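Participant: Predicted coordinates and the sequence they were generated for:
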Amino acid sequence: MPIVALILTISAAVAPTPTSEYAPANDEAYTLDLEVDGYRNGAMDPDRLMEYRGCVLERDAAYMYALLMEAAEEDGVPLGFEDCYRSYGSQAAAYNSRCPITETPIFAVDPLTGANVQTGVQSARVCSGPPTARPGASNHGWGRAVDFTDGNGILGCSDATFRWMQGNAHRFGWVHPDWAHCGMATQEPWHWEYAGVTDSILPGFGRLDPKLLQVVQ
Ligand SMILES: [Zn+2]
């Protein structure tokens, strides 16, 4: 018993401080808490969204994103974003433009007239370009994914900014999901997700300039 008590005392003594780092709690975007709370992908309640310098994200993800961006700035890394929260409508628009439906008419011979007549249409979706999630399936729709850029555009596998992300994103609960790793057929070096943090106490506004992290109107 005395040993257990001692360990608990030590644990309490190392409670998070403003300089704590926040290890990711999962390997990819954590969304179960949002689902349990009744939020819907692509239709997030604006009360749960926040904006940091033009990037709209789910509140907790936005806190940690802001700290990540501040750390990049301190290190002189030109980290930027192209895409943050995506509504259902914008997910659908992206999906429809990358995976348009093509329609092929179906013909058959009419037994009465012998004529070849159209009896229907076969439709299929053909995708091109980078893989695009079905509407409602993207973690951008939960506000817990960001497509990052550097000064030259969307992040590439050999970019120094990508390597900085590999070394630092996890300090703020952000991860690069397995399917997006460089070398995979589905590689997306630019796509990173907020995976929750092992430390349940988020830093909140205390460390941030409130003018930078804003409520979404
Ligand atoms: Zn993405």
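Facilitator: Looks like it arrived, so ask away.

Participant: so what's the closest residue to the ion within the chain bridging to?
Facilitator: The chain approaches the ion most closely through H191 (3.6 Å), counting by C-beta to the ion. (C-beta placed from N, C-alpha, C; glycine too.) On the basis of DSSP bridges, H191 is bridged to D147.

Participant: I figured it hits S138, correct?
Facilitator: No: assessed by C-beta atoms under 8 Å, H191 is found out of contact with S138, at 9.7 Å.

Participant: Tell me how many other residues surround P78.
Facilitator: Other residues within reach of P78, judged by other C-beta atoms under 10 Å, total 14.

Participant: oh sorry, the question was meant for T161
Facilitator: Number of residues near T161 (other C-beta under 10 Å) recorded here: 21.

Participant: Helix, strand, or coil at it?
Facilitator: Three-state assignment for T161 (DSSP: H, G, I helix; E, B strand; the rest coil): helix.

Participant: For the longest helix anywhere in the chain, list the C-alpha coordinates in CSV.
Facilitator: Longest helix in the chain, counting residues (DSSP state H): helix 59-74. Written as CSV, here are the backbone C-alpha positions of helix 59-74 (Å, rounded to 0.1, in the frame of the first residue of the first chain):
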residue,chain,number,x,y,z
ARG,A,59,-12.8,22.9,-30.9
ASP,A,60,-10.3,20.4,-29.4
ALA,A,61,-8.6,19.8,-32.7
ALA,A,62,-8.4,23.6,-33.2
TYR,A,63,-6.7,24.1,-29.8
MET,A,64,-4.0,21.6,-30.6
TYR,A,65,-3.7,22.7,-34.2
ALA,A,66,-3.1,26.3,-33.0
LEU,A,67,-0.3,25.1,-30.7
LEU,A,68,1.2,23.0,-33.6
MET,A,69,1.2,26.1,-35.9
GLU,A,70,2.8,28.2,-33.2
ALA,A,71,5.6,25.6,-32.7
ALA,A,72,6.2,25.6,-36.5
GLU,A,73,6.4,29.3,-36.5
GLU,A,74,8.9,29.3,-33.6
